[in-house]
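[1] Sequence and predicted structure below; questions after.
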Amino acid sequence: MKSVKPRKITDEPLTEEIIKTRRGPGIYPECAWMKFSRALLSRGYSLSLYEARQTVSKYITVHGINDDFYTVRFSDHRPNIKRELNRDCDFFVGVTNFSVTNWKQALSAVLKHFGAYDETIE
C-alpha cells in the first residue's frame, strides 16, 4: 500500500499538529527543523512554515512583536550561492557554501534576535 504524502505548506502557522503529520513512522529520529520548532513553540513564539516546492527545504519564520520576524532555512543541500549571498533567509541550517550550522545555533540566533539572551538552550 502506497503512503500519501501530505501537501506542501505555503506560509501557514506552524503547530504541534503539523509537526506530527510530518514526522512519519516513529522509527525515524526527529528532524532538526522539528526540534527547533518545538523549542520555540514551547517558549511561546509564533511560527509559520513554508515548504519548498522542488526540494525538501523548510523555511521557518519566527514572528515577534511589531511585525518583526526572523527566517531560518533548513536544508539537506547547499543553497544556490547567489541566494545565499543575497540572504534569502536570516539563518541557514545545514551545509552552506561557507560553513556548517545546526539547529541549536539557529535557536541561539533567534533568541538573540528577539532579545532573549539569557534563555538556556537544551
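    Sure, I can see it.
[2] What ranges does this structure have for its helices?
    Along the chain, the segments classed as helices by DSSP state H run 16-23, 32-42, 81-85, 103-113.
[3] What are the buried residues along the third one?
    If I follow you right, that is helix 81-85. Using 16 or more other Cβ atoms under 10 Å as the test for burial, helix 81-85 gives Glu84. For glycine as for every other residue, the C-beta is placed from the backbone atoms N, C-alpha and C.
[4] same question, stretch 82-99
    For stretch 82-99, a neighbour-count test (16+ other Cβ under 10 Å) marks Glu84, Cys89, Asp90, Phe91, Phe92, Val93, Gly94 as buried.
[5] from those, which is closest to Ser46?
    Set against Ser46, the nearest of those by Cβ to Cβ is Asp90 (16.0 Å).
[6] hmm, back to that, turn the helices of the chain into JSON lines, columns for mean pLDDT and distance to Thr61.
    Formatted as JSON lines, the helices of the chain follow (pLDDT from 0 to 100; distance: least, Cβ to Cβ, whole Å):
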{"stretch": "helix 16-23", "mean pLDDT": "88", "distance to Thr61": "14"}
{"stretch": "helix 32-42", "mean pLDDT": "96", "distance to Thr61": "11"}
{"stretch": "helix 81-85", "mean pLDDT": "87", "distance to Thr61": "16"}
{"stretch": "helix 103-113", "mean pLDDT": "95", "distance to Thr61": "10"}
